[in-house]
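S.K.: Have a look; sequence and predicted model below, questions after that.
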Amino acid sequence: MCENQIILCQYPADLVFRRSDISWPGSPSLGGIANIIAQLNSELQLFSKNALLATGLFVSVIHDSIEADIAFNTSRRLDGGKYVSPAAFRETLPSSPAAQLSIALGLGGPMVVFCGDADGAQALASARRWLESGAIHMAVVVHPRSSQTTIMPSL
Amino acid sequence: MTLAIISSFSAATPCFPTLTAIFDAWMTPSSSSLPSKFGPSSEYDNHVDDPQMFRHLTFAAIEPVISEVADRGTCGFILASAKGNIGVLQHWLDLSGGFARDAASPGNPPGLMDCAQNLAAEFGLGGSCAVVSTACTSGLSGLIEAAMMVDAGQQTEIVVLAVDIASLFVCDGFTALKALAAQACRPFDRHRDGLALGSAAAACLVQRSDIFAGKKADTFACTLCGRGAAMDAVHLTAPDRQAGGLIRAVEMALRTGGLSTSQIDAVLLHGTGTPYNDAMEATAVQKIFSHSPPLTAVKGHIGHTLGASGLIETALASEILHRGVLPPTTGLSDSQWPELDFVQTARSVPSIRRILKTSSGFGGINAAVILEKLKSNDITGA
């Protein structure tokens, strides 16, 4: 049974969700979402499919979708646009990694993505509002690990 | 009980400077502004990838709403957008990739939060500032978040701005996905073949009800009496053909509003004109409602305005409640679902009280809100 529960998943603040070989000066190191999926999978395996379909997903991103934007822009600028990539385009949304998480984990509740939310406070506050409104009973919050202490939910 | 009132809406597109102008033209489809894929004579060609278009539309949408704010110093701000100022982003991308003619250093990439903070500062909004980005449901998501913040007592007023520009970057992407219409956007039509892109900005002011109650008698407003959101959890770009996510979103909106389907007087659908989206929405309507309420859609008129679509269409839904008239489903002439009650010529609905607005987006994100009309003298205060 899951009554008003928040599952927190932090990712390193220097991790960017998607894999890419393109970077810019001062860019963070690159990574994927496989680790996040693996971490959450182990925490969510206790819950039924129906419980997951009613679970909300609240995600903070720091860098919007800039690395995917670079990849897609490169594909559309090279050789007169002969190689415009639909696969790259669908990644050019800040919500794309969250959507990948929802698909991989079977989360079917509300999803809200906050951009520039460096310590995850907005995502966590949103999850609490949704829980306290009674619309959902479980929320997964994914946010960068900041240098400051993470705000822990106290429902 | 909801405390949040949407006391002011505003919107602008490249062709129509006000919400009233957009709605009036929607009522007379012959003056449709439908953009046709950046054709050589398209008005959009003059603006595409121009960073000033973002500011032009933003200011046109936000200024009427800002004037209604009771206290700017504490008023919050939510920017809802899929890509933000794509013109600025495009220039940065070309600089960083070596595709731009000038050799300047690209510097830090432009971020949506930077954009939001700059706008909040420019308009003197001193409350909390957030960026909500959930693809084409961004506008509705931002609106729902604002209402929940007011209901939770975290803000007394919030300005929500939803804006996106139909840039060549986006056009190339939808072309690669083969999602653009060959000629015109025809939502729910048997011969529909894709979407038409549009640019827009929409803004609204969400206030605590006691602030709104102090306004002069008979001032029109809406409550967001039902709110819901749900993911398909199926595919990144294709909708769930069983409409599972949209159905859960609408059911959540009905549940949070304490409403039954018989209390919904009309539905303003997402209606992109793509074969799969429209089929998914038709499936949802069939499964949710025992009898089809009147249905309409506006993207045949203003195009798909991406992250702005949810809010601009909610603003148009408020006009439907205000005027008591349902505009036609622009572009629809031969419905694939004749059993559903699509509005094909403007219909007078003087007793309309509630309207359901839905949005769906990439990643299988769905959102639904139920607007209910009220006047300032209907409220006694929070």
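M.R.: Here it is on my side, so go on.
S.K.: if I look at the residue nearest the centre of chain B, how far off is B:C204?
M.R.: Closest residue to the average C-alpha location of chain B: B:G310 at 2.0 Å, with Cα atoms, centre = their mean. Going from B:G310 to B:C204 by Cβ to Cβ, to the nearest Å gives 11 Å. For the C-beta atoms, the positions are set from N, CA and C on the backbone; glycine is no exception.
S.K.: sorry, back to before: what is the three-state secondary structure of the residue nearest to the centre of chain B?
M.R.: Taking DSSP: H, G, I helix; E, B strand; the rest coil as the rule, one finds B:G310 in the helix state.
S.K.: quick one: it and B:E145 touch, right?
M.R.: No - between B:G310 and B:E145 there is no contact under Cβ atoms under 8 Å: 11.9 Å.
S.K.: on that earlier part again, overlap in contacts of B:G310 and B:C204?
M.R.: Listed as contacting both B:G310 and B:C204 by Cβ atoms under 8 Å, 6 or more residues apart in numbering or on different chains are B:L143.
S.K.: ok, for the residue of the stretch 251-382 of chain B found nearest chain A, nearest residue in space, not its chain neighbours?
M.R.: The minimum distance from the stretch 251-382 of chain B to chain A, using Cβ to the nearest Cβ, falls at B:G363 (2.6 Å). Counting by Cβ to Cβ, 6 or more residues apart in numbering or on different chains, A:A99 is the residue found nearest to B:G363 once chain neighbours are left out, at 2.6 Å.
S.K.: What number of neighbouring residues does the one you found come out with?
M.R.: A:A99 has 29 neighbours, counted by other Cβ atoms under 10 Å in any protein chain shown.
S.K.: likewise B:Q263?
M.R.: When neighbours are counted by other Cβ under 10 Å, B:Q263 registers 17.
S.K.: what's near enough to touch it?
M.R.: By Cβ under 8 Å, 6+ apart, the contact list for B:Q263 reads B:R354.
S.K.: Secondary structure element holding B:A202?
M.R.: Assigned by DSSP states H and E, B:A202 belongs to strand B:200-208.
S.K.: That strand pairs with which strands, parallel or anti?
M.R.: Sheet pairing for strand B:200-208, assigned by DSSP bridges, gives strand B:4-12 (antiparallel), strand B:157-164 (antiparallel).
S.K.: ok, A:V59 touching A:Q100?
M.R.: No - counting by Cβ under 8 Å, A:V59 does not reach A:Q100; the two are 10.5 Å apart.
S.K.: okay, the two: which has more neighbours?
M.R.: Shown here are A:V59 and A:Q100; by other Cβ under 10 Å, A:V59 has more neighbours (30 against 19).
S.K.: residue boundaries of the strands in the chain?
M.R.: No chain in the question, so chain A it is. A:5-12, A:56-61, A:111-115, A:138-145 (DSSP state E).
S.K.: looking at chain B here, not the other one
M.R.: For chain B, strands defined by DSSP E occupy the ranges B:4-12, B:76-80, B:129-132, B:157-164, B:200-208, B:220-231, B:266-268, B:295-296, B:325-326, B:347-348, B:354-361, B:365-375.
S.K.: I'd like the distance from the residue most central in space within chain A to B:E157, if you could.
M.R.: Centroid-nearest residue in chain A: A:A98, 3.8 Å away (criterion: Cα atoms, centre = their mean). According to Cβ to Cβ, A:A98 stands 28 Å off from B:E157.
S.K.: again, but for B:I312
M.R.: 21 Å.
S.K.: go on, B:R72?
M.R.: Distance, B:R72 to B:E157, by Cβ to Cβ: 9 Å.
S.K.: How about A:G116?
M.R.: Using Cβ to Cβ, one obtains 22 Å as the distance from A:G116 to B:E157.
S.K.: hey, which of the strands paired with strand B:200-208 is tucked in deepest?
M.R.: Ranked by average neighbour count under the criterion mean count of other Cβ atoms under 10 Å in any protein chain shown, those are headed by strand B:157-164 at a mean of 30.
S.K.: Just want the angle from it to strand B:76-80.
M.R.: Counting by axes from the mean of the first three to the mean of the last three Cα atoms, to 10 degrees, strand B:157-164 points 20 degrees away from the direction of strand B:76-80.
S.K.: tell me the contacts of the closest residue to B:R227 other than its chain neighbours?
M.R.: Nearest in space to B:R227, with sequence neighbours left out and distances taken as Cβ to Cβ, 6+ apart, is B:I144 at 4.7 Å. Residues near B:I144 by Cβ under 8 Å, 6+ apart: B:L224, B:R227, B:A229, B:A367, B:V369.
S.K.: Let me see the ranges of the helices in chain B.
M.R.: Remark: helices assigned in chain B by DSSP state H are B:19-27, B:51-66, B:86-97, B:112-122, B:138-151, B:168-176, B:209-213, B:244-257, B:275-288, B:299-302, B:309-323.
S.K.: no, scratch that, I was asking about chain A
M.R.: Using DSSP H, helices in chain A cover A:34-44, A:49-53, A:66-77, A:86-89, A:96-105, A:121-133.
S.K.: Throw those into CSV and include mean pLDDT and distance to B:V250, thanks.
M.R.: CSV is the format used below for those (pLDDT from 0 to 100; distance: least, Cβ to Cβ, whole Å):
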stretch, mean pLDDT, distance to B:V250
helix A:34-44, 82, 25
helix A:49-53, 94, 15
helix A:66-77, 87, 31
helix A:86-89, 87, 29
helix A:96-105, 90, 18
helix A:121-133, 94, 17
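S.K.: would you list those helices in JSON lines and tack on distance to B:F220?
M.R.: Converted to JSON lines, these look like this (distance: least, Cβ to Cβ, whole Å):
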{"stretch": "helix A:34-44", "distance to B:F220": "45"}
{"stretch": "helix A:49-53", "distance to B:F220": "38"}
{"stretch": "helix A:66-77", "distance to B:F220": "41"}
{"stretch": "helix A:86-89", "distance to B:F220": "41"}
{"stretch": "helix A:96-105", "distance to B:F220": "36"}
{"stretch": "helix A:121-133", "distance to B:F220": "26"}
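S.K.: The ones you listed: which one's closest to B:W337?
M.R.: Among the helices of chain A, helix A:49-53 comes nearest to B:W337, with 26.5 Å by Cβ to Cβ.
S.K.: ok now the closest one, how far from the chain's centre?
M.R.: A distance of 19 Å separates the centroid of the chain from that of helix A:49-53, by Cα atoms, centre = their mean, to the nearest Å.
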